[in-house]
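>>> with the sequence up front, the predicted model follows.
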Amino acid sequence: MQTRTLGNRSVSAIGLGAMPMSIEGRPDRDRSVATIHAALDAGVTLVDTADAYHRDAGEVGHNEELVAEALRGYGGDTSGVLVATKGGHLRPGDGSWTQDGRPEHLKAAAKESARRLGVEAIGLYQFHRPDPDVPYADSIGALVELLDEGVIQLAGISNADVAQIDEANAVLGGRLASVQNQFSPAFRSSLGELQHCASLGVAFLPWSPLGGIAKASDLGSEHSAFQDVADAHGVSPHQVTLAWELALADVVIPIPGSSRPQSTTDSARAAELQLSADEVARLSEA
């Protein structure tokens, strides 16, 4: 599979978003493990998770533990797999989301994530979402400490605007490795952040790159240009969408969510799909 650079690591151009395997409507554990194994079989070497990816109260870290179990049980070499997790976003168990960007929380959460993942140092740790009650620089300062202490190897942020990207990179002393923001054909308001990451050489990880769990199946019908290009290539509109995102900048690494082996295998094939300049322009204007 085509590779891209994330910090000091080379990873697959398409990652796996493991979130759907732990939230509402999640599959059974066997299918989840099979989905992660299918991604690894397809050459995926970036797996995205978070301590907040769970459904019920009392199961914080459900998705991290699932990813760790799948990696342990995989028959092949997983030494090149980069697991990215996040902290600072919470799910009380009632379907809502809250934030906790206090440095003491982030440092404790990262250490718990490392324990659940079964690693001495987390490959990539990202501040999940800004906390309006905590100065942004204070939250990022916790990542600096985690880097310096060796708890994490790479530091990133999520759900950030351009000013926060610059602030985070400054606080980290130029060590910002990634920005994970929502981006898809239906949600393009973070194009500015994508382009800014490209100018900095910082990896940009689109979350919900296919439009989200509920809408991914309607991608072709809601965005006819993507279906037309897919028909011309004999592939799914999902592959075309991911290939388009890859073509926008060489720092882009989409992380489509999946809960079925078939869908993650289809997504992985997008890394080898070559779109013409005219097709990329047409999809960008659609």
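Now that the structure is in, tell me what you want to look at.
>>> quick one: contacts for residue 54?
Neighbouring residues of residue 54 by C-beta atoms under 8 Å, 6 or more residues apart in numbering: 22, 23, 60, 61, 62, 63, 91. Yep, even glycine has a C-beta here, placed from its N, CA and C like the rest.
>>> typed the wrong thing, it's residue 156
Contacts of residue 156 were listed using C-beta under 8 Å, 6+ apart, and they are 84, 124, 125, 126, 127, 176, 177, 178, 179, 180, 203, 205.
>>> one more time with 6 Å
In this structure, residue 156 makes contact with 124, 126, 177, 178, judged by C-beta atoms under 6 Å, 6 or more residues apart in numbering.
>>> what do you get for residue 167?
With contact set as C-beta under 6 Å, 6+ apart, residue 167 has these partners: residue 136.
>>> so that it lines up with my notes, have the first residue be 5 from now on.
In the new count, where the first residue is 5, that last one comes out as residue 171.
>>> so it sits in a helix?
Yes: the secondary structure assignment for residue 171 places it in a helix, going by DSSP: H, G, I helix; E, B strand; the rest coil.
>>> how confident was the prediction at residue 223?
Confidence per residue is given as pLDDT, and for residue 223 that number is 85.
>>> which residues in the chain form helices?
Counting by DSSP state H, the chain has these helices, from start to end: 33-45, 66-76, 107-121, 140-153, 166-175, 195-204, 223-226, 228-237, 241-252, 265-272, 281-289.
>>> so which of these is the most surrounded?
The highest average neighbour count among the helices of the chain, using mean count of other C-beta atoms under 10 Å, belongs to helix 241-252 at a mean of 24.
>>> now do that one: distance to the chain's middle.
On the basis of C-alpha atoms, centre = their mean, to the nearest Å, the separation between the geometric centre of helix 241-252 and that of its chain is 15 Å.
>>> related to what we said a few turns ago, now render the contacts of residue 160 as CSV, adding neighbour count.
Putting these into CSV (neighbours: other C-beta atoms under 10 Å) gives the following:
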residue, neighbour count
128, 25
130, 27
181, 25
182, 23
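>>> closest to residue 107 out of those?
residue 130 (15.2 Å; C-beta to C-beta).
>>> without its sequence neighbours, what residue ends up closest to that closest one?
Spatial nearest neighbour of residue 130, excluding adjacent residues (C-beta to C-beta, 6 or more residues apart in numbering): residue 160 at 3.8 Å.
>>> many thanks, have a good one.
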